[in-house]
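>>> give me a 3D structure for the following:
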Amino acid sequence: MTVIKTPGVYIVEKNAFPNSVVEVATTVPAFIGYTEFAKNGTKDMTGKPWRVTSMAEFHIYFGGAPIPKFSILTDTIHKYAGIKYTAKHTLYYQLLLFFSNGGGACYIVSVGSYNDDLDSKQFIKGIETLLKEQEPAMLVVPEAVNLGDAACKDVQQAMLKHCGHDTLSRFAILDIWNGNKDRRDPDAGDVITKFRESIGNNYLNFGAAYYPWLNTCILQDSDIGLANFDETSLQSLENILINQLNNDLSLKADEKEELKNKYAELNTEECDKTELHKTLYAISAIYRNIIKDALFQVNCLPVSAAMAGVYTRVDNTQGVWRAPANVGIANVVRPAVNLTSADQEDLNVPVDGKAINAIRPFVGEGIKVWGARTLDGNSLDWRYINVRRTMIMLEESIKNATRAYVFDPNVANTWVYTKSMISNFLNGIWKRGGLAGSSPEDAYSVHVGLGETMTPEDILEGIMRVTVLVALVRPAEFIRITFQQQMQK
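Residues are numbered from 1 along each chain as shown. Here you go, the predicted model:
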């Protein structure tokens with residue numbers, strides 16, 4: 001305040017209310033993966049986080065969908081024996097699943113193009129680029145499961161470390177490697193046990209995992225055609241169709257010859273593969289089955305991106321304190337593995353606490369998320385996803401607001417302002433149902449002051465200590481209803 005030397009009337013405005021706490025966003029995930037390109041005009045954006053709000057924006061900066069490639073397998077007598085498809089660049093399909101399940105704004109970190117092979121080191125570098133971004137609240141790397149087992153483990157451990165050590169402000173959503181396989185599959189082995197052994201024991205309360213993968217309907221019949229098969233497969237396809245034709249007793253010789261000539265077009269460069277695909281699809285049942293098999297394989301996707309959309313939808317409609325469970329998943333035909341209640345027992349409450357949340361079908365209700373636990377299931381503090389994510393939101397919101405008082409005098413006035421600011425914020429959260437308790441006193445308390453949270457030595461060292469106690473909302477995971485007969489009255 002300046003020294004007044006001239007007679008007159010002076011107006012002095014004084015703030016009557018403390019600063020307010022602005023609630024940080026909880027609905028913005030960061031996706032890391034491979035895209036067609038990464039450009040903003042002529043500027044290369046590879047390895048740089050970029051915010052998009054829709055698939056239309058994604059197309060502008062990162063391009064379109066990859067072209068999945070399939071190989072047709074045959075036996076020794078040219079009969080159809082299956083499709084070989086190696087999932088590689090699937091981020092595009094995962095984003096379709098994210099937006100269809102309620103997703104909104106998100107960050108994309110492109111670590112390469114569709115011409116590049118998947119590399120765990122590039123994924124980890126992409127994670128590190130997010131250290132300078134404040135907004136993302138979730139971390140998703142859906143293509144990690146397309147790596148080998150060991151490389152996937154490295155990426156997922158890096159995700160947990162980023163969330164639980166480097167930032168302390170994000171939550172990792174993880175997939176199970178080979179999560180489209182049953183736990184009793186003789187070739188894959190117990191995929192859940194392998195995941196638990198590989199994920200480690202650090203920062204587990206900052207992540208959650210989901211099983212099994214989903215058979216989706218993201219791609220339709222029209223999205224797969226002859227262009228998705230290599231030359232060897234086209235030759236195999238011709239042999240399959242001719243073999244089927246030779247065994248068809250309902251056709252005359254001239255009709256078979258006409259069809260053989262049509263099949264011979266498969267390996268000619270000048271043929272219109274789009275028109276030929278339509279013709280084959282209309283006249284050949286075996287060709288329709290091949291297309292459906294290819295479509296089935298490319299539509300089998302991990303769960304993490306869909307769950308990021310579910311988290312966003314639940315946060316927007318009910319709040320981050322509501323468990324993201326007992327809710328449906330859109331664009332899903334069925335889970336890749338049909339789990340029963342007995343199957344879920346070890347998933348939900350294992351001895352080591354590394355809970356895996358189940359995706360289950362229910363008759364008349366559809367496909368539902370049927371689990372709400374973090375990977376730290378043995379912790380009473382951080383067992384539930386909504387508890388961890390609510391605490392992250394509270395911590396980040398209060399931290400950002402309290403930064404305004406850094407270097408202010410460490411005296412009673414500052415303590416009162418800080419306490420009032422935090423209390424007002426928590427009262428608003430309690431009124432919205434985010435804190436447990438029938439009254440504000442039961443839901444939260446804020447403590448700051450000399451003799452209460454600080455010693456004279458703390459003040460001399462420039463430390464202001466604030467203690468915030470909150471009663472967080474926990475889900476009713478198990479509802480037990482007791483029935484007993486009584487005498488007639």
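>>> run a quick neighbour tally on the closest residue to Cys106 other than its chain neighbours.
Counting by Cβ to Cβ, 6 or more residues apart in numbering, the nearest residue to Cys106 once its immediate chain neighbours are dropped is Pro29, at 5.0 Å. (Glycine included, C-beta is placed from N, CA and C.) For Pro29, the count of nearby residues is 26 (other Cβ atoms under 10 Å).
>>> list the contacts of whichever helix or strand Lys256 is part of.
Using DSSP states H and E, Lys256 maps to helix 253-264. The list of residues contacting helix 253-264 from outside it, by Cβ atoms under 8 Å, 6 or more residues apart in numbering, reads Glu238, Leu241, Ile242, Leu245, Asn246, Asp248, Leu251, Leu276, Thr279, Ile283.
>>> following element in sequence after it, please.
Next element after helix 253-264 (DSSP H and E): helix 273-283.
>>> can I get the CA coordinates of stretch 151-159 in CSV?
Coordinates of each C-alpha in stretch 151-159 appear next as CSV, following Å, rounded to 0.1, in the frame of the first residue of the first chain:
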residue,chain,number,x,y,z
ALA,A,151,8.3,-56.3,-24.5
CYS,A,152,4.7,-55.8,-23.4
LYS,A,153,5.7,-56.2,-19.8
ASP,A,154,8.4,-53.5,-20.2
VAL,A,155,5.8,-51.1,-21.6
GLN,A,156,3.2,-51.8,-18.9
GLN,A,157,5.7,-51.4,-16.1
ALA,A,158,6.7,-48.1,-17.6
MET,A,159,3.1,-47.0,-17.6
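>>> mind jotting down where the strands sit in the stretch 151-300 of the chain?
Under the criterion DSSP state E, counting those that start in this stretch, strands of the stretch 151-300 of the chain are mapped to 171-175, 207-211, 214-216, 300-301.
>>> return the residues in contact with Leu237.
For Leu237, the contacting residues are Ile72, Phe229, Leu266, Tyr287, Ile290, by Cβ under 8 Å, 6+ apart.
>>> including neighbour count and distance to Glu13, could these go into TSV?
Converted to TSV, the contacts of Leu237 look like this (neighbours: other Cβ atoms under 10 Å; distance: Cβ to Cβ, whole Å):
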residue	neighbour count	distance to Glu13
Ile72	22	78
Phe229	22	75
Leu266	21	82
Tyr287	21	79
Ile290	25	77
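>>> and of the residues you listed, the nearest to Trp213?
Of all the contacts of Leu237, Trp213 sits closest to Ile290, with 22.1 Å by Cβ to Cβ.
>>> so the closest one makes contact with Tyr80?
Yes. Between Ile290 and Tyr80 there is a contact under Cβ atoms under 8 Å: 6.5 Å.
>>> what residues do the two have in common as contacts?
Here Ile290 and Tyr80 have Ile72, Ile240 as joint contacts, going by Cβ under 8 Å, 6+ apart.
>>> what's the angle from the least confident helix or strand in the chain by mean pLDDT to helix 273-283?
Ranked by mean pLDDT, DSSP states H and E, the weakest helix or strand in the chain is helix 253-264, scoring a mean of 80. On the basis of axes from the mean of the first three to the mean of the last three Cα atoms, to 10 degrees, helix 253-264 is oriented at 140 degrees to helix 273-283.
>>> report the buried residues of helix 253-264.
The neighbour-count check on helix 253-264 (16 or more other Cβ atoms under 10 Å) flags Leu259, Lys262, Tyr263 as buried.
>>> which parts of the longest helix along the chain are buried?
Ranked by number of residues, the top helix in the chain under DSSP state H is helix 412-431. Within helix 412-431, the residues that count as buried by 16+ other Cβ under 10 Å are Trp415, Tyr417, Thr418, Lys419, Met421, Ile422, Ser423, Phe425, Leu426, Ile429, Trp430.
>>> what residues does the closest residue to Gly47 other than its chain neighbours make contact with?
If the residues on either side of it in the chain are set aside, Gly47 comes closest to Thr129, at 5.9 Å by Cβ to Cβ, 6+ apart. Under the criterion of Cβ under 8 Å, 6+ apart, the neighbours of Thr129 are Gly47, Lys48, Pro49, Val109.
>>> which of the residues you listed count as buried?
Buried members of the contacts of Thr129, counted by 16+ other Cβ under 10 Å: Gly47, Pro49, Val109.
>>> measure how buried the residue lying closest to the second one once chain neighbours are set aside is and give me the count.
It refers to Pro49. Closest residue in space to Pro49, ignoring its immediate chain neighbours: Tyr107 at 4.7 Å, by Cβ to Cβ, 6+ apart. Tyr107 has 22 neighbours, counted by other Cβ under 10 Å.
>>> same check, this time on the one 3 residues further on
For Ser110, the count of nearby residues is 27 (other Cβ under 10 Å).
>>> ditto for the one 4 residues further on
Here the number of neighbours of Tyr114 (other Cβ under 10 Å) works out to 17.
>>> so it belongs to a helix, correct?
No. According to DSSP: H, G, I helix; E, B strand; the rest coil, Tyr114 belongs to no helix; its state is coil.
>>> dump the residue contacts of it.
Residues in contact with Tyr114 (Cβ under 8 Å, 6+ apart) are Tyr34, Thr35, Glu36, Pro66, His89.
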